[in-house]
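Engineer: Next come a sequence and a model predicted from it.
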Amino acid sequence: MGTYNPVMQKATLAAVESDAHGLISKRTAELDGVSVTEVTFAVGARWSSDLKDHAGTDLCELPHVAYVVAGTLGVRMADGATEEFSAGDVMLLPPGHDAWAVGEQDCRFLEFSRGNDYYSA
């Protein structure tokens, strides 16, 4: 089991400046050893349209572990598999995907990570 800071910690996402690329924005709160990122895909947002050039890859090559707070996110993997994740869903996305906001509501999710080690306990 990893080593954790035994002291309670608090961060306020609303106090963190947002970083936007096209119709996708994010803000990250850092705690000791854990990052929590609020990601918003506005209506019409698509990773391959809004972030592809910034990332420099054809698909998103980062893994994601997240809880969908609002709206619906559509995802297509490199192998063609598709899924939709809606408010209340928990998602684990491996690298190699495109994603987009579905419908007429922004999709917002909270992503949890430990540095670049998204899957470790």
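Structural biologist: Nice, I can see it. Residues are numbered from 1 along each chain as shown.

Engineer: Give the closest residue to Ala29 in space, chain neighbours not counted.
Structural biologist: Distance criterion C-beta to C-beta, 6 or more residues apart in numbering; nearest residue to Ala29, sequence neighbours excluded, is Ala11 at 3.5 Å. From N, CA and C alone the C-beta is placed, and that goes for glycine too.

Engineer: Helix, strand, or coil at that neighbour?
Structural biologist: coil (DSSP: H, G, I helix; E, B strand; the rest coil).

Engineer: so where's the protein shaky on pLDDT?
Structural biologist: The model of the chain has pLDDT under 70 over residues 1-4, 115-121.

Engineer: which stretches of it form strands?
Structural biologist: For the chain, strands defined by DSSP state E occupy the ranges 19-21, 24-31, 34-41, 64-70, 72-77, 82-86, 90-93, 97-101, 107-113.

Engineer: what's the angle between the third one and strand 64-70?
Structural biologist: By that I understand strand 34-41. 50 degrees (axes from the mean of the first three to the mean of the last three C-alpha atoms, to 10 degrees).

Engineer: Pull the contacting residues for the closest residue to Glu17 other than its chain neighbours.
Structural biologist: Excluding the flanking residues, the one nearest Glu17 by C-beta to C-beta, 6+ apart is Arg27, at 6.8 Å. Shown in contact with Arg27 (C-beta atoms under 8 Å, 6 or more residues apart in numbering): 13, 16-19, 37-38.

Engineer: returning to what we had before: tabulate the strands of the chain (TSV), appending distance to Asp50.
Structural biologist: Shown next, in TSV, are those (distance: least, C-beta to C-beta, whole Å):
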stretch	distance to Asp50
strand 19-21	5
strand 24-31	5
strand 34-41	8
strand 64-70	16
strand 72-77	13
strand 82-86	18
strand 90-93	17
strand 97-101	9
strand 107-113	13
